[in-house]
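>>> Fold the stuff below for me.
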Amino acid sequence: MTKANYSPRYNQAHKTLLATNQEHVLHFWEELNEGQQSQLLDQIDSVDWEELHRLIQTHVLKKPEFELPPGVEPAPWYPNVPPANLKEKYQRASKLGENLIAAGKVAAFTVAGGQGTRLGWDGPKGTFPATPVRGTTLFGCFAEYVINMQKRHGSVIPWYIMTSPVNDAATREFFAEQNYFGLDPANIMIFPQGMMPAVDMVSGAVLLEDKHSIALSPNGHGGSLKALWTSGAVADMKRRGIEQISYIQVDNPIVRVLDPLFLGLHALDGAQMSSKMLPKRDPLEKLGNFCIINGKMTVIEYSDLPEDLAFQRTGKGELRFKAGSIAIHAMRVDFVESLNTQPGGFALPFHRAEKKVSYIDPGTESIIKPTSANAVKLETFVFDALPMCETSIIYETDRDDEFGPIKNASGPDVLDSPQTSKMIQTARAARWLEAAGIRVPRKSDGSVDAVIEISQTTAIYPNDLRRIELPNEIKPGQTVVL
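Modelled structure (predicted):
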């Protein structure tokens, strides 16, 4: 290598790495071609090395221990079905939510950085076929919901989609191949989330995936709130006059991408960030727990809530800590902006996750494939923004109506699989048809003896079916698409 390879950009990278004890990242520099050198410098430039150096001292070389604060109380919530004293408020909230959407003040935001690996799917998770008859993809389900809401309210709903560097190009290609599902591509913004280096948990050294690349991993779903800022999405929202963001993750085909009632309750109470909850099936269901700590809304991970609290019951026999987090949120645009413009940088705290990470050893130049956790990945959680709110509300949604996630590859006896999601979708469609007076065949165990799919361009509420021509009955074993 000639002296020309030591450019000002290289010199700056070397100076930064030297100051943070990570100069080994450039160990193989002279073996790399120009393209590899450029790639490595791009990665180095993408990392906040001062922040990483601080985190290594506090989260890698030390292991933060979770301490449950005193005085933890269960969070209050708005029930799914309003009691008599809240009916008028729910009506006002629904109208407010509809008005916000109609006025073009609400954006859809989908966190879609994952691959479909656990499902045996080679591609972005959002491209996975999710519905029981047509095999509409997860992205397609959300697009149909947005189309329905735009027609319903006569407005434009911008759709922001956060990918990861691993699936960003494939996601963009998929949307182009699908002709953006009939939506205007000018109103769809796709951008990748940030990455953080994996760090050796003993030495604190950043790991190299290869001679020309750092072992990087996504910075957690909390990084979505940072990516909204760094990508220019927040600036785009402000230009459009967007005030509220409806946040969902990519794995739930029946999620209400925008829910006027939830958005209205959130806005009516002046909340900065709000959440939907599900009543937990059992004390140890793997959902975060909505709690109040020092007067602030907080989520305590299921693994961090002591069993004596998890099993507590009310006088009515219900779980006291009942409200489970399902990663559906509403948030103000100016709140997301404030998280990114704090004097100390991005406001969300990092968490330590111990993982097995393969790496190249600079000393031996061999690839090491560990058999146990050897590295720390640093992640942020979106719900850590909740305690930073002055006001935050929780709304209870219906598990059967809005929760059919696809996370696991196994069959119908395994929760959150493609099979169970399709069963939930069919069961919901059957209930809606029966509410409209249509006969639906049932098996002896009460399950639906048919496969039914209702497109979200057709209906997103049960009453929508009353506006279309329906069959008088569904026959046993029939496959139906409406």
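>>> Give the next helix or strand downstream of the longest strand along the chain.
Criterion DSSP state E: the longest strand present in the chain is strand 323-332. Next helix or strand after strand 323-332 toward the C-terminus (DSSP states H and E): helix 333-340.
>>> Give me the contacts around that following helix.
Residues outside helix 333-340 that contact it (C-beta atoms under 8 Å, 6 or more residues apart in numbering): 107, 225-226, 228-230, 234, 237-238, 242-245, 272-273, 346-348, 385, 388-389. Quick note: C-beta positions are derived from backbone N, CA and C, even for glycine.
>>> What is the distance between that helix and the centre of its chain?
Centroid separation for helix 333-340 versus its chain: 18 Å, with C-alpha atoms, centre = their mean, to the nearest Å.
>>> for stretch 278-285, same thing?
20 Å.
>>> Need the residues that contact that stretch.
With contact meaning C-beta under 8 Å, 6+ apart, stretch 278-285 is reached by 287, 289, 302, 307, 310-311, 319, 321-324, 326, 396-397, 399, 403.
>>> Now do the helix or strand Lys95 falls within against strand 323-332: the angle between them, please.
According to DSSP H and E, Lys95 maps onto helix 87-102. Angle of helix 87-102 versus strand 323-332, following axes from the mean of the first three to the mean of the last three C-alpha atoms, to 10 degrees, is 50 degrees.
>>> Going C-terminal from helix 87-102, what's the next secondary structure element?
strand 106-111.
>>> sorry, back to before: in its sheet, which strands sit next to the longest strand of the chain, and in what direction?
strand 244-249 (antiparallel), strand 273-279 (antiparallel), strand 288-293 (antiparallel) (DSSP bridges).
>>> tell me the contacts of His329?
By C-beta under 8 Å, 6+ apart, the contact set of His329 is Ser246, Tyr247, Met273, Ser274, Ser275, Lys276, Val382.
>>> Put together TSV for those residues, with neighbour count and distance to Glu67 on each row.
Below are those laid out as TSV (neighbours: other C-beta atoms under 10 Å; distance: C-beta to C-beta, whole Å):
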residue	neighbour count	distance to Glu67
Ser246	26	34
Tyr247	25	29
Met273	26	24
Ser274	27	27
Ser275	29	23
Lys276	26	28
Val382	23	22
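>>> Distance-wise, check Ala13 relative to Pro192.
21 Å (C-beta to C-beta, to the nearest Å).
>>> gap between Gln193 and Thr117?
On the measure of C-beta to C-beta, Gln193 and Thr117 end up 17 Å apart.
>>> Looking at those two, which is more packed in?
Gln193 (25 against 11; other C-beta atoms under 10 Å).
>>> Can you verify my assumption that that one contacts Ser217?
No: Gln193 is not in contact with Ser217 according to C-beta atoms under 8 Å; the separation is 10.5 Å.
>>> what's next to the longest helix seen in the chain, contact-wise?
Counting residues, the longest helix found in the chain (DSSP state H) is helix 418-435. Outside helix 418-435, the residues within contact range by C-beta under 8 Å, 6+ apart are 119, 128, 130-132, 253-254, 400-401, 403-406, 409, 411-412, 414, 440, 447-448, 450-454, 459, 462, 465, 470, 474, 482.
>>> same check, this time on stretch 467-476
430, 433, 436, 438-441, 449-450, 452, 458-459, 480, 482.
>>> repeat that with 6 Å
Ile438, Arg439, Val440, Pro441, Asp449, Ala450, Val480 (C-beta atoms under 6 Å, 6 or more residues apart in numbering).
>>> So which of the residues you listed belong to strands?
Ala450, Val480.
>>> hang on, the earlier thing: roughly how far out does the longest strand of the chain sit from the chain middle?
10 Å.
>>> ok, back up a step: pull out the buried residues from the contacts of stretch 278-285.
Buried residues within the contacts of stretch 278-285, counting neighbours by 16 or more other C-beta atoms under 10 Å: 287, 289, 302, 310, 319, 321-324, 326, 396-397, 399, 403.
>>> Can you pick out the most distant pair from those?
Across those, no pair lies farther apart than Ala310 and Thr397, at 21.2 Å, counting by C-beta to C-beta.
>>> quick one on the thing from earlier: any quick ChimeraX command for the buried ones out of the contacts of helix 333-340?
In ChimeraX syntax, the buried subset of these is picked out as below (16+ other C-beta under 10 Å):
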select :107,225,226,228,229,234,237,242,243,244,245,272,273,346,347,348,385,388,389
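>>> Okay, and which of the contacts of helix 333-340 map to strands?
Using DSSP E, the contacts of helix 333-340 in strands are Ala107, Gln244, Ile245, Met273.
>>> in the stretch 301-450 of the chain, what spans have low per-residue confidence?
Scanning the stretch 301-450 of the chain for pLDDT under 70 picks out 411.
>>> Ala198: what's it in contact with?
Taking C-beta under 6 Å, 6+ apart as the test, what Ala198 contacts is Leu207, Ala215, Ser217, Val357, Ala375, Lys377.
>>> correction: Thr127
Thr137, Phe174.
>>> so what's it scoring on pLDDT?
Note on Thr127: pLDDT of 98.
>>> and Glu365, how many residues sit next to it?
11.
>>> ok, which stretches of the stretch 351-482 of the chain are helices?
Along the stretch 351-482 of the chain, counting by DSSP state H, counting those that start in this stretch, helices occupy 399-402, 418-435.
>>> where exactly do the helices run in the stretch 201-350 of the chain?
Ranges of helices within the stretch 201-350 of the chain are 223-230, 233-240, 260-268, 307-310, 333-340, based on DSSP H, counting those that start in this stretch.
>>> right, and those helices - which one's nearest Leu96?
Closest among the helices of the stretch 201-350 of the chain, using C-beta to C-beta: helix 260-268, at 4.0 Å.
>>> Just give me how far that closest one sits from the chain centre.
The answer for helix 260-268 is 20 Å, by C-alpha atoms, centre = their mean.
>>> For that helix, give the mean pLDDT please.
Rounded mean pLDDT across helix 260-268 is 98.
>>> who's in contact with it?
The contact list for helix 260-268 (C-beta under 6 Å, 6+ apart) reads Tyr78, Ala93, Ser94, Leu96, Gly97, Glu98, Ser274, Ala330, Ile393, Tyr395.
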